[in-house]
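*Asks:* Let's see this in three dimensions:
(one chain, ligands or ions: 1)
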Amino acid sequence: MKQRSSHPSDEAVTCEVVIVGGGPVGMLLAHELALQGVRPLVVEKLPVPSGVSKAGTLHARTVESLHRRGLREAVQPRPVRGRQTSVPFHFAGMFDLDLAEVSSEGPVIVGSPQAYAERVFAERAEALGARILRGQECTGVHEEEGRVRVDLQGADGTRHHVTARWVVGCDGVRSVVRRAAGIPFTGTPATVSALMGEVRLLDPWSAPAGWQRTPRGWTLVWLNPVGHSRVCTYDFRGPVQDRHAPVTFEELREETERIAGRPVPMADARDLTRFSDAALQAESYRQGRVLLAGDAAHAHFPMGGQGLNTGLQDAINLGWKLAAEVKGWAPPGLLDTYAAERRPVAARVLYNVRAQVALMHPGVLTDSLRELFRETMHLPQVNRFLTGMLSGTDISYDVRVPDDALAGTFAPDIRVKTAQGSTSLAALLSDGRPLLIHTVQAAGQADLLAPWSDRLSIVEVVPEPSSAMQAPALLIRPDGYILWSSPGRRARTPGLVEVATEWFGGPA
Ligand SMILES: Cc1cc2nc3c(=O)[nH]c(=O)nc-3n(C[C@H](O)[C@H](O)[C@H](O)COP(=O)(O)OP(=O)(O)OC[C@H]3O[C@@H](n4cnc5c(N)ncnc54)[C@H](O)[C@@H]3O)c2cc1C
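*Replies:* Numbering: from 1, shown residues only. Got it, this is the predicted structure:
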């Protein structure tokens with residue numbers, strides 16, 4: 001790597017894309033770019049991965065999206081579960097929801113410790129040509145003359161820099177990239193003080209297992225009678241004075257016992273951390289050649305396991321669009337659809353998390369509110385509404401084809417026969433290319449898009465008897481969302497060629 005130059009603008013661009021932060025979102029983005037033939041450089045401040053998993057749950061839309069990359073099974077360290085008839089889940093700690101119906105394909109929820117998924121994404125990304133530079137902390141980014149300089153500092157204090165056409169900040173909630181780009185991170189401040197850690201419970205069977213609400217707050221204990229148990233405490237009396245103060249074992253033990261109202265003997269604490277319900281979002285996800293994804297773009301109380309999921313879907317939304325920009329075929333405005341689509345999704349997550357925090361307060365008034373809310377959760381419509389929101393399966397994007405009900409929705413995974421044999425829609429999308437699938441009756445649509453075949457796959461299919469195809473032709477983005485469906489005999493405005501041009505540029 002080059003030494004710092006006093007005239008960095010004289011330097012050659014050393015890579016097309018630098019991703020700052022090799023957490024799960026950064027590594028998945030690296031995979032997505034590499035899949036498109038762009039070789040990103042990931043710079044990560046930790047010399048070796050921490051191995052700590054804050055998140056461990058992947059929700060249905062993330063699972064479906066990873067399935068369209070052949071990654072659904074890979075991110076699961078335990079044997080893969082199939083579909084289940086009932087999948088209890090919670091809203092604000094009330095386990096009265098059933099996720100079973102949120103998706104008609106595969107498992108609707110997947111256990112995937114974030115450190116494990118991060119390693120899988122990193123390995124896949126590297127295999128596809130991404131480079132990962134560990135032990136390098138980004139200390140600043142500066143955009144100048146069509147490129148961005150990323151200042152780095154090694155663990156031994158050595159300073160370097162790399163230059164790139166694009167930089168994506170996937171460097172978490174305290175993002176240096178976001179601050180350097182001058183992007184405000186705004187929202188609502190902390191009202192809750194929370195602790196988390198792993199401890200050995202000395203009397204595991206008397207510990208307050210599971211989610212416990214008391215007049216003094218919440219304890220959450222994921223019990224492991226033979227090893228370390230994860231313990232969380234939520235104190236609703238207000239935010240801690242110094243949010244950066246290190247958590248001590250005594251603090252976690254005393255807080256657990258204060259909220260539980262009895263001794264909870266524990267020892268051997270590790271991975272102690274402090275967090276809050278501050279709900280913040282980047283006011284913009286792009287500043288010139290600098291973009292943000294994951295926790296760098298949005299942060300909130302970890303309620304309903306939505307943070308990582310939102311970030312991973314950011315990566316899948318951004319990857320192909322940024323690759324198109326790098327490769328030169330992106331039509332004007334394509335990259336800006338990233339923020340236009342993903343900011344409202346994260347804003348909605350912040351909104352439902354704030355509502356959950358409100359419902360979790362201790363106290364008799366909230367008791368009644370919770371009871372009333374719990375009753376409504378048993379209404380099928382409410383269950384559908386809340387589970388769709390938590391799972392991300394209610395996400396659809398405005399792709400500007402107003403009279404097409406399918407446009408902007410996620411294409412279901414159907415089984416089809418092609419000239420190469422039996423396959424699935426998910427498998428057809430696994431190379432990350434846009435896809436037009438059509439039946440023989442809609443072969444005319446395929447002819448229209450032939451000039452785009454350098455960047456778009458066109459596949460004639462026969463739906464298998466178990467699968468209903470939603471329309472005779474579907475134009476699908478690399479992230480699985482439908483752009484256009486054939487209306488049958490009627491004409492549709494905009495037509496297929498206009499939509500393809502708008503999203504994939506002019507014909508070759
Ligand atoms: C207690 C807790 C529990 C949670 N539980 C869940 C859950 O159940 N489900 C869920 O979906 N989400 C959960 N989350 C949220 C989830 O952990 C985050 O959304 C997720 O880690 C975001 O991934 P990321 O890659 O965006 O950021 P991070 O995981 O924070 O990764 C950022 C990476 O960037 C690196 N980095 C930071 N600064 C720099 C720099 N200057 N230079 C170079 N590298 C840098 C870091 O070392 C890190 O590797 C939880 C969060 C907390 C705090």
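
*Asks:* List of residues touching the helix or strand hosting E502?
*Replies:* E502 belongs to helix 496-504 when elements are defined using DSSP states H and E. Helix 496-504 is contacted from outside by 324, 329, 331, 334, 399-401, 434, 445, 448-449, 452, 455-456, 473, 475, 477, 483-484, 486, 494, 507, using CB atoms under 8 Å, 6 or more residues apart in numbering. All C-beta atoms are positioned from the backbone trio N, CA, C, and that covers glycine.

*Asks:* List the ones among the residues you listed that fall in helices.
*Replies:* A324, Q445, L448, L449 (DSSP state H).

*Asks:* From the residues you listed, list the buried ones, please.
*Replies:* When neighbours are counted using 16 or more other CB atoms under 10 Å, those contain these buried positions: A324, Q445, L448, L449.

*Asks:* Let's see the helix holding E502 as CSV, backbone CA atoms only.
*Replies:* Taking Å, rounded to 0.1, in the frame of the first residue of the first chain, the C-alpha atoms of helix 496-504 are listed here in CSV:
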residue,chain,number,x,y,z
LEU,A,496,-41.1,-3.8,-21.1
VAL,A,497,-38.5,-2.0,-23.1
GLU,A,498,-39.0,1.3,-21.3
VAL,A,499,-38.7,-0.4,-17.9
ALA,A,500,-35.6,-2.3,-18.9
THR,A,501,-34.0,0.9,-20.2
GLU,A,502,-34.9,2.8,-17.0
TRP,A,503,-33.4,0.1,-14.8
PHE,A,504,-30.6,-1.4,-16.9
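
*Asks:* quick one: buried residues of it?
*Replies:* For helix 496-504, burial by neighbour count (16+ other CB under 10 Å) applies to L496, V499, A500, E502, W503, F504.

*Asks:* Could you give the number of residues near E64?
*Replies:* 26 (other CB atoms under 10 Å).

*Asks:* ok but it is inside a strand, no?
*Replies:* No. With DSSP: H, G, I helix; E, B strand; the rest coil as the criterion, E64 is located in helix rather than a strand.

*Asks:* That one and E105 touch, don't they?
*Replies:* Yes. Contact criterion CB atoms under 8 Å: E64 and E105 qualify, at 6.4 Å.

*Asks:* hey, what's in contact with both of the two?
*Replies:* Shared between the contact lists of E64 and E105 (criterion: CB under 8 Å, 6+ apart) are residues D413, A426.

*Asks:* measure the nearest residue to F95 once chain neighbours are set aside to the ligand for me?
*Replies:* Closest residue to F95 in three dimensions, ignoring its sequence neighbours and counting by CB to CB, 6 or more residues apart in numbering: P88, at 5.2 Å. Computed with CB to the nearest ligand atom, to the nearest Å, the distance linking P88 and the ligand is 16 Å.

*Asks:* Need phi/psi at the closest residue to E464 other than its chain neighbours.
*Replies:* Taking CB to CB, 6+ apart, and ignoring the residues beside it in sequence, E464 has R415 as its nearest neighbour in space, at 4.1 Å. Backbone dihedrals for R415, given as degrees, to the nearest 10, come out at phi -90, psi 130.
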